[in-house]
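J.: Sharing a model prediction with you, sequence too.
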2 protein chains.
Amino acid sequence: MQLALQEACKGRHQTWKNPLVGAVIVKDNHVLATGYHHHFGERHAERDAISKLTPEQLFNSTLYVTLEPCNHFGKQPPCSQLIVNKHIKRVVIAQIDPHKLVTGKGIAALKENGIQVATGILANEARKLNEHYTYFYETNQPWITVKQAISLDHKVAVRTNQRTKITNDLVYQKVHSERADYQAIVIGSSTAIIDNPSLLTNVHTDYSPIRIVLDRRGRLLKHLDLKLFTDQKAQTWIFTENKSLSSHPFNNKFVHCFFSKNDSIGAMINELKNQELQSIYVEGGPTLEKSFLDNYLVNELITYIAPDLLGANGVSAVSPSSFHHFSDVKIDKLNNNVRIDERKQNV
Amino acid sequence: MQLALQEACKGRHQTWKNPLVGAVIVKDNHVLATGYHHHFGERHAERDAISKLTPEQLFNSTLYVTLEPCNHFGKQPPCSQLIVNKHIKRVVIAQIDPHKLVTGKGIAALKENGIQVATGILANEARKLNEHYTYFYETNQPWITVKQAISLDHKVAVRTNQRTKITNDLVYQKVHSERADYQAIVIGSSTAIIDNPSLLTNVHTDYSPIRIVLDRRGRLLKHLDLKLFTDQKAQTWIFTENKSLSSHPFNNKFVHCFFSKNDSIGAMINELKNQELQSIYVEGGPTLEKSFLDNYLVNELITYIAPDLLGANGVSAVSPSSFHHFSDVKIDKLNNNVRIDERKQNV
């Protein structure tokens, strides 16, 4: 199963809304083939491994797979049927698929056809592999990570309306790669206007995270030259309570505007749920991050800290209205900067 | 010389105002004896090593010593004379003593008596061994370290006038041992009153750091039951601009009050200089630490960070009036807390 987990990782950043899955076929204590889910919409891990072997090899073999095989027609035919057809004798599964279309059904189909099934082997490791996917299908909520980059005295800029590079180059690289672990990146309108960011990732992926701006008042109407509107390098979604902005005709297919009457964050989360987008990375600024914290929407907080003191004129980073305890704290050094990655205990 | 540096460390926390010094005597490529300065007021490292050998052994030997031998009568007779008397042939010195009574004079005395002298071997390591001592005698200023313990959102307490344990037990232990590296601990009157701290160290030492409270207005007059006044476990010094406090008759020999007309910090630093106390550890609160930062008095900043957010009602930690850059940043994990130790570049 460890090998199957390793295989699964090979699909990283290319399976998009699909989970990472790995499979290994064993017979007479020999590994005959490995496989993984390579790319969103393409064949599943089980099919990938099975395709490498002859019917004779597959007969009476054991399949190790990190996630319960599917039993429905999606973009691919059901894997359970293939396993049955190939006369595989035994299937060992790490994690039961939390996706309602699959949960338990894949296992039931296998058992009905006389295949031995074992589950739960390295289940925690498998859950961790697809943490956002698992959380989304278990709770029907996207996983929300807030990221902040602050000075040692908790400032995000030396003064108002001035973009300030606080953290070092290693942090810059890390943030750019970390973005690829999420399906959407969210910022507020101030950050969009002051920083004019691209919000792209430096990781090779066919599924760049969607760039979302929450612009309640519609301030972006006066800033239609921002990179997010013009670079056509990834989708840009705007959530606004301003009708002029939401009805503005954007002339490129990368930009979409969503109107909500009085709750941009709620509207955004609903839209993500509708589209089965499972994870978001909130990059600021402090006002937006405070909304997420105050509404207890945050699953994970990632803080990058630089060692300087910006001083009393600096713009303060987020301090929520009430106390927030975090657990599962991971601390990493990035040269002279620190990365603190932690989770809310109640999620 | 590496061995001599190791020897020097054995005196840690017991040499008080004196530097740590180690010595090794070598002849015919064999180490004959080692020695170190054990305790303030007792014999120096050279004498310690020499005392272990016979005149025959010492004749024509080489002495490695981490600090230039003294040439004056202090609490001990001059080591240079002893070296000459014992017919040691060669002396290898790591660091030239920055103490004006010694600098160069020890070396000169040895050379005048025909002894070969080499200097500068592992000099940086030797300077580091006695960083505060070296800084004090080179600049005539005590080394000032500011220590703070903060939440991830830069708070020192959940609300005003409430002592809050923010950091974890490992930090508590570390701070208590770290105090022993300094000759005085400084706090403001608010911290004294709210926290009622003992400011003791858990390290065995005959020289507990002096506990200093800066109490400009004399608020402590109404708090004479604080541990600092009553526990008689270490010296307590008060610096005040309030005559009632400074003339108050304290009935125990551990408490001393110093009056200054308008600059408690300046008066404190002068008194430390007069008494050749070379290092102070400023433990808060934020207002006092801001004074030290704004007056560019800080050599080193040690920040302990806990991973929780205390929220907007919390008491903010120090943010100085202007930008402060730090270098030489050392980051350590203490379980789920972080320790950041850094220095001002201009010192």
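T.: Everything's here; your move. Residues are numbered from 1 along each chain as shown, chains lettered A, B, ... in the order given.
J.: Hmm, residue A:219 is touching residue A:188, no?
T.: No. If you go by CB atoms under 8 Å, residue A:219 and residue A:188 don't touch, sitting 9.7 Å apart. For the C-beta atoms, the positions are set from N, CA and C on the backbone; glycine is no exception.
J.: Comparing these two, which shows the higher neighbour count?
T.: Counting neighbours by other CB atoms under 10 Å in any protein chain shown for residue A:219 and for residue A:188 shows that residue A:188 has the greater number, 23 against 17.
J.: Might you report the residue contacts of that one?
T.: Taking CB atoms under 8 Å, 6 or more residues apart in numbering or on different chains, we find residue A:188 in contact with A:213, A:214, A:215, A:284, A:285, A:287, A:288.
J.: Excluding chain neighbours, what is closest to it?
T.: residue A:288 (3.7 Å; CB to CB, 6 or more residues apart in numbering or on different chains).
J.: Which helix or which strand is home to the one you found?
T.: Residue A:288 is located in helix A:286-294, with elements delineated by DSSP states H and E.
J.: Give the buried residues for that helix.
T.: A:286, A:288, A:289, A:290, A:291, A:292, A:293, A:294 (16 or more other CB atoms under 10 Å in any protein chain shown).
J.: what's the answer for stretch A:128-139, then?
T.: Under the neighbour-count criterion of 16+ other CB under 10 Å, stretch A:128-139 has A:129, A:130, A:131, A:132, A:133, A:134, A:135, A:136, A:137 buried.
J.: I'd like those written out as a markdown table, with secondary structure and distance to chain B added.
T.: Below are the buried residues of stretch A:128-139 laid out as a markdown table (DSSP: H, G, I helix; E, B strand; the rest coil; distance: CB to the nearest CB, whole Å):
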| residue | secondary structure | distance to chain B |
| --- | --- | --- |
| A:129 | helix | 24 |
| A:130 | coil | 25 |
| A:131 | helix | 19 |
| A:132 | helix | 21 |
| A:133 | helix | 26 |
| A:134 | helix | 24 |
| A:135 | helix | 21 |
| A:136 | helix | 25 |
| A:137 | helix | 28 |
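J.: Residue A:126 is in what secondary structure piece?
T.: Here residue A:126 is assigned to helix A:123-129, by DSSP H and E.
J.: Tell me the secondary structure of residue A:69, please.
T.: coil (DSSP: H, G, I helix; E, B strand; the rest coil).
J.: Please parse chain A into its domains.
T.: Under the assignment the TED database, the domains of chain A span A:1-136, A:141-343.
J.: Same list (these) but as CSV, adding mean pLDDT.
T.: Converted to CSV, the domains of chain A look like this (pLDDT from 0 to 100):
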stretch, mean pLDDT
domain A:1-136, 95
domain A:141-343, 95
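J.: closest to residue B:123 out of these?
T.: domain A:141-343 (25.7 Å; CB to CB).
J.: Now do that closest one: distance to the chain's middle.
T.: Distance of domain A:141-343 from the chain centroid (CA atoms, centre = their mean, to the nearest Å) equals 14 Å.
J.: can you check stretch A:137-150 too?
T.: Relative to its chain's centre, stretch A:137-150 lies at 8 Å (CA atoms, centre = their mean).
J.: Just the terminal-to-terminal distance for it.
T.: 33 Å (CA to CA, to the nearest Å).
J.: on that earlier part again, save the domains of chain A as JSON lines, and put in distance to residue B:274 too.
T.: Listed next are those as JSON lines, based on distance: least, CB to CB, whole Å:
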{"stretch": "domain A:1-136", "distance to residue B:274": "61"}
{"stretch": "domain A:141-343", "distance to residue B:274": "31"}
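J.: For the stretch 201-347 of chain A, which segments are assigned as strands?
T.: Ranges of strands in the stretch 201-347 of chain A, per DSSP state E, counting those that start in this stretch, are A:210-214, A:236-240, A:255-259, A:279-282, A:300-305, A:315-316, A:326-334, A:337-344.
J.: got CSV for those, with distance to chain B and mean neighbour count too?
T.: Putting those into CSV (distance: least, CB to the nearest CB, whole Å; neighbours: other CB atoms under 10 Å in any protein chain shown) gives the following:
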stretch, distance to chain B, mean neighbour count
strand A:210-214, 21, 26
strand A:236-240, 25, 25
strand A:255-259, 30, 17
strand A:279-282, 15, 26
strand A:300-305, 6, 24
strand A:315-316, 8, 18
strand A:326-334, 4, 16
strand A:337-344, 5, 21
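J.: Take the ones you listed and lay them out in CSV including distance to residue B:56.
T.: Rendered in CSV, the data for those read as follows (distance: least, CB to CB, whole Å):
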stretch, distance to residue B:56
strand A:210-214, 83
strand A:236-240, 88
strand A:255-259, 92
strand A:279-282, 76
strand A:300-305, 61
strand A:315-316, 72
strand A:326-334, 54
strand A:337-344, 58
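J.: can I get the CA coordinates of stretch A:83-96 in PDB?
T.: Provided in PDB are the C-alpha atoms of stretch A:83-96 (Å, rounded to 0.1, in the frame of the first residue of the first chain):
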ATOM      1  CA  ILE A  83     -11.700  -5.700 -11.700                       C
ATOM      2  CA  VAL A  84     -14.500  -8.300 -11.800                       C
ATOM      3  CA  ASN A  85     -14.000  -8.900 -15.500                       C
ATOM      4  CA  LYS A  86     -10.200  -9.400 -15.100                       C
ATOM      5  CA  HIS A  87     -10.800 -12.100 -12.400                       C
ATOM      6  CA  ILE A  88      -8.700 -10.200  -9.700                       C
ATOM      7  CA  LYS A  89      -9.100 -12.300  -6.600                       C
ATOM      8  CA  ARG A  90      -8.600  -9.800  -3.800                       C
ATOM      9  CA  VAL A  91      -8.800  -6.000  -3.500                       C
ATOM     10  CA  VAL A  92      -7.100  -4.100  -0.600                       C
ATOM     11  CA  ILE A  93      -8.300  -0.500  -0.100                       C
ATOM     12  CA  ALA A  94      -6.800   2.200   2.000                       C
ATOM     13  CA  GLN A  95      -9.600   4.800   2.100                       C
ATOM     14  CA  ILE A  96     -13.400   4.400   1.400                       C
END
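J.: Counting neighbours, which bits of that stretch end up buried?
T.: Buried residues in stretch A:83-96, counted by 16+ other CB under 10 Å: A:83, A:84, A:86, A:88, A:91, A:92, A:93, A:94, A:95, A:96.
J.: same deal with stretch A:225-245?
T.: For stretch A:225-245, the neighbour count (16+ other CB under 10 Å) marks A:226-229, A:234-242, A:245 as buried.
J.: What sits closest to whatever residue of the stretch 51-200 of chain A ends up closest to chain B if chain neighbours are left out?
T.: Relative to chain B, the nearest point of the stretch 51-200 of chain A is residue A:154 (3.4 Å; CB to the nearest CB). Excluding its sequence neighbours, the residue lying closest to residue A:154 (CB to CB, 6+ apart) is residue B:154, at 3.4 Å.
J.: Go ahead and confirm the one you found touches residue B:315.
T.: No. Using CB under 8 Å, residue B:154 is not in contact with residue B:315; the gap is 9.9 Å.
J.: Tell me the helices and strands packed up against the helix or strand containing residue A:3.
T.: For residue A:3, the host element (DSSP H and E) is helix A:2-9. Here helix A:2-9 touches strand A:22-27, strand A:30-36, helix A:45-50, strand A:62-67, helix A:123-129, going by 3 or more CB pairs under 8 Å, 6 or more residues apart in numbering or on different chains; DSSP states H and E.
J.: so of these, which one's packed in deepest?
T.: Comparing these by mean neighbour count (mean count of other CB atoms under 10 Å in any protein chain shown), strand A:62-67 comes out on top with a mean of 28.
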